[in-house]
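> Attaching a predicted model along with its sequence, questions to come.
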Amino acid sequence: MISAQLRLWCFGGFRLERDGLPVDLSGIRPRVRTLLRYLAAEAGQPVHRERIMAALWPELPERAALNNLHVGVSTLRTFLEPGVARGASRFVVRDGWTYRLEVDDGGCDVSAFGAALAESRRARSRGEDAAAVRALRTALDHYAGDLLPEDGTAEWVLAARDRHRSRAAEAAVLLAGLELTRGRARAAVAAARRALELDGYHDDGWRLLISAQRRAGDVAAARHSQQTYERVLRSLGVGSRPVHVTAA
């Protein structure tokens with residue numbers, strides 16, 4: 001028998017596919033869907049049951065929260081693997097007091113995003129700019145938007161959402177810098193704009209955007225970006241900072 005394959009997306013909205021087909025989650029209760037998203041956002045890492053209970057059932061006594069966790073895990077296992085025997089789940093794995101959602105390599109956009117960023121760091125440490133550019137582009141392709149927007153302002157998702165957005169902004173800034181160094185001004189403009197979409201106050205993002213626009217010969221756009229950058233600085237109580245363009 002061939003095992004089913006799961007694929008999950010958490011950036012820009014949660015989606016789940018099994019064997020390449022979309023999975024309709026409306027058949028399980030909202031709290032079980034939240035448990036699925038919570039485990040998916042951890043990208044295959046083990047999560048202690050105390051963390052899960054504190055995140056999803058903070059208002060309940062420990063015994064009630066633990067019962068909800070056991071029921072939720074059992075429901076999720078049956079939903080993902082109909083007919084699975086007790087303790088035989090391949091997707092929702094318990095190890096001691098921890099649980100993890102197991103997917104194949106590349107089967108979750110969160111883990112793929114992190115893997116691409118790690119590859120870009122290795123490439124840059126070797127001085128392989130072209131490989132670093134490819135890895136950064138891959139990372140940004142995986143980052144399709146905020147982590148689990150459907151969970152709104154739930155406390156458990158906010159820190160992770162901010163962390164991933166910050167990592168994506170930094171990746172875009174790094175990409176813009178590498179593209180500019182390689183003489184690809186228009187590609188640098190696009191990467192810098194992506195960084196500023198993620199973090200409109202990113203100083204290096206603004207400076208790279210202006211430099212890249214000047215390098216591309218787009219004087220009007222550079223002037224407009226400089227004016228916008230100065231307004232951002234004023235809103236932060238910081239004085240104007242001239243942007244100098246170095247030779248390619």
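Yep, that arrived.
> Check A43 and give its pLDDT.
Confidence at A43, expressed as pLDDT, is 78.
> same check, this time on R163
Reading off the confidence values, R163 has pLDDT 97.
> quick one: it from A187, how far?
Going from R163 to A187 by C-beta to C-beta, to the nearest Å gives 26 Å. The way it works is simple: take the backbone N, C-alpha and C, and place the C-beta from them, glycine included.
> Looking at these two, which has the bigger crowd around it?
Neighbour totals were compared for R163 and A187, and A187 leads with 19 against 11 (other C-beta atoms under 10 Å).
> what sits against that one?
Applying C-beta atoms under 8 Å, 6 or more residues apart in numbering, we find A187 in contact with E179.
> Buried ones in the host helix or strand of it, by neighbour count?
Using DSSP states H and E, A187 sits within helix 185-198. For helix 185-198, burial by neighbour count (16 or more other C-beta atoms under 10 Å) applies to 185, 187-196, 198.
> now this protein, which segments are flagged as low pLDDT?
The chain contains residues with pLDDT under 70 at 1-3, 87, 240-242, 244-248.
> and the residue nearest to V232 when sequence neighbours are not counted, backbone torsions?
Computed as C-beta to C-beta, 6 or more residues apart in numbering, the closest residue to V232 that is not its neighbour in sequence is Y201, at 6.2 Å. For Y201, the backbone dihedrals (degrees, to the nearest 10) come out as phi -110, psi 10.
> What is the burial count for Y201?
Residues within reach of Y201, counting by other C-beta under 10 Å, total 12.
> Check D146 too.
Neighbour count for D146, taken as other C-beta under 10 Å: 18.
> For the closest residue to it other than its chain neighbours, give its distance to D218.
Nearest non-adjacent residue to D146, counting by C-beta to C-beta, 6+ apart: R161, 5.5 Å away. Distance from R161 to D218, counting by C-beta to C-beta: 33 Å.
> For stretch 51-66, could you pull out the residues that count as buried?
Across stretch 51-66, burial judged by 16+ other C-beta under 10 Å covers 52-53, 55-57, 65-66.
> what's the most distant pair in those?
Of all pairs drawn from the buried residues of stretch 51-66, the greatest distance, 13.5 Å, lies between A55 and L66 (C-beta to C-beta).
> what's the domain layout of this structure?
Per automatic domain parsing, the structural domains of the chain span 6-101, 109-235.
> which stretch among the ones you listed comes nearest V243?
Across those, V243 has its closest neighbour in domain 109-235 (4.5 Å, C-beta to C-beta).
> how far does the closest one sit from the chain's center?
From the chain centre to the centre of domain 109-235 is a distance of 13 Å (C-alpha atoms, centre = their mean, to the nearest Å).
> and the domains of the chain, which is most packed in?
Of the domains of the chain, the one with the most neighbours on average (mean count of other C-beta atoms under 10 Å) is domain 109-235, at a mean of 18.
> Give the full set of residues in contact with A4.
By C-beta under 8 Å, 6+ apart, the contact set of A4 is 18-19, 80-81.
> My guess is the residue nearest to V232 contacts L236. True?
Yes - if you go by C-beta atoms under 8 Å, Y201 and L236 touch, sitting 7.0 Å apart.
> report the longest helix in the protein, please.
Secondary structure of the chain per DSSP state H: the longest helix is helix 155-181.
> Great, nothing more from me.
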